[in-house]
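[1] Fold the stuff below for me.
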Amino acid sequence: MAGLSSQKTLGPMKMKGRVRVFLLVFLCLLPEAGLWADAPQIELKRDESSAVLRILINSTEKLVYQYHISLDLVHYWPLKSPSGKDMLIQKAEPYPHHRAFWFADTVRLNRGREVSFYNALYSGRKIGENTYGSPFCDHIRHVRFTCLETKGNIAVIKEELIWEMDGDVPVMDEHRKLRIYALGQGEYYIDISFQLTASYGDVEFISDEVHYAWPYLRMHPQFSGKNGGEITSDQGNKGQKQTNMEYALWVDYSNTIKGQAEGLAVFQWPDGKRHRWLTREYGTFGPRRPDLKSGQPFALEKGETLSQRVGILVHRGNAITGKVKQRYQELILQKKRNEPA
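    As a prediction, this is how the structure comes out:
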């Protein structure tokens, strides 16, 4: 009763004012409350018998890391759109060496023979027309995971890999790190970095400006430009003709399928240098190294390293409605400012 009598002393005008304030606060907090109530949860499920690591968001598979010893290259496939569509293709003609989402290059160890990890598929045993299988003379092999952690909507994956020639001759060591963020509504973001170390001698990089993956992604035909998909760069350029071998901070590939627009954007981590991009209407795209190390030979002396870092945003909408420009600011530029030097 004391509570009721204190309310009566406020008067009608004061009560209306407090109700307005309460409603305003409630409406402002409603999106946050919904976010916390429906916060996406991320899981890692490792299957050693099949050598796959599955990344699930709210119990739905979104990304799979393929690392079986019988493969020419470790890679990521499938990669699902927010609504569950396949965004990448694992193997495609006429380029069966493409591996969905992969890293690779062509090098020479200690002035020895040319070793094309980019074309590692063709170093395998020929088992049919344009078909090759294990064992592969040259391959990129997963060694071990050094970290598999999840907390709420974030997963952290760290691993060691080795680039080998002639079956088991080491060429370079690789350390790779992924941080995967579940963003809600089926969207997610992958922050991936890798570092190559010339641990076994001097390594010369001899690829041209096209045939190396730093990384590359091969879009599923349903998302490709040949089937209505649209390539868009941060400069507002569109299509292969306007974006191929042009400088960009990011490139987005999106399409509307059955009335639903979805896309995948690749962000180049700011490193103080300009990067060109390869883009193809049939579906392949990815950043190049800075010009001084792209399309012309360069070398790492024994013990030196070379690294790359990119972001992968899987989003609803196209480059505009998916707010890719804004999210580059939030996920890359703001994060860079907040990270220790």
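[2] Which residue ranges of the stretch 1-150 of the chain form helices?
    Along the stretch 1-150 of the chain, counting by DSSP state H, counting those that start in this stretch, helices occupy 2-8, 11-37.
[3] Comparing these, which yields the minimum mean pLDDT?
    The weakest mean pLDDT among the helices of the stretch 1-150 of the chain belongs to helix 2-8, with a mean of 36.
[4] how about the residue nearest to Cys137 when sequence neighbours are not counted, what does it touch?
    Excluding its sequence neighbours, the residue lying closest to Cys137 (C-beta to C-beta, 6 or more residues apart in numbering) is Ser123, at 3.9 Å. Just so you know, the C-beta spots here come from the backbone N, C-alpha and C atoms, and that holds for glycine as well. Contacts for Ser123 (C-beta atoms under 8 Å, 6 or more residues apart in numbering) come out as Asp72, Ser116, Tyr132, Phe136, Cys137, Asp138, His139.
[5] what do you get for Arg99?
    With C-beta under 8 Å, 6+ apart as the criterion, the residues that contact Arg99 are Asp72, Leu73, His75, Trp77, Gln90, Lys91, Arg218.
[6] What's opposite the closest residue to Leu53 other than its chain neighbours in the beta bridge?
    Setting aside the residues directly before and after it, Leu53 is nearest to Tyr65 in space (C-beta to C-beta, 6+ apart), at 4.2 Å. For Tyr65, the beta-bridge partners are Leu53, Tyr76 (DSSP bridges).
[7] From what I see, Tyr65 and Val52 are in contact.
    Yes - taking C-beta atoms under 8 Å as the definition, Tyr65 is a contact partner of Val52 at 6.6 Å.
[8] Give me the more crowded residue out of these two.
    More crowded of Tyr65 and Val52, by other C-beta atoms under 10 Å: Tyr65, with 22 against 15.
[9] Would you mind measuring from that one to Glu93?
    Distance, Tyr65 to Glu93, by C-beta to C-beta, to the nearest Å: 24 Å.
[10] in terms of contact, does Val203 touch Leu300 like I think?
    Yes - counting by C-beta under 8 Å, Leu300 is a contact partner of Val203 at 4.8 Å.
[11] circling back: list only buried entries from the contacts of Arg99.
    Buried subset of those (neighbour count, 16 or more other C-beta atoms under 10 Å): Asp72, Leu73, His75, Trp77, Gln90, Arg218.
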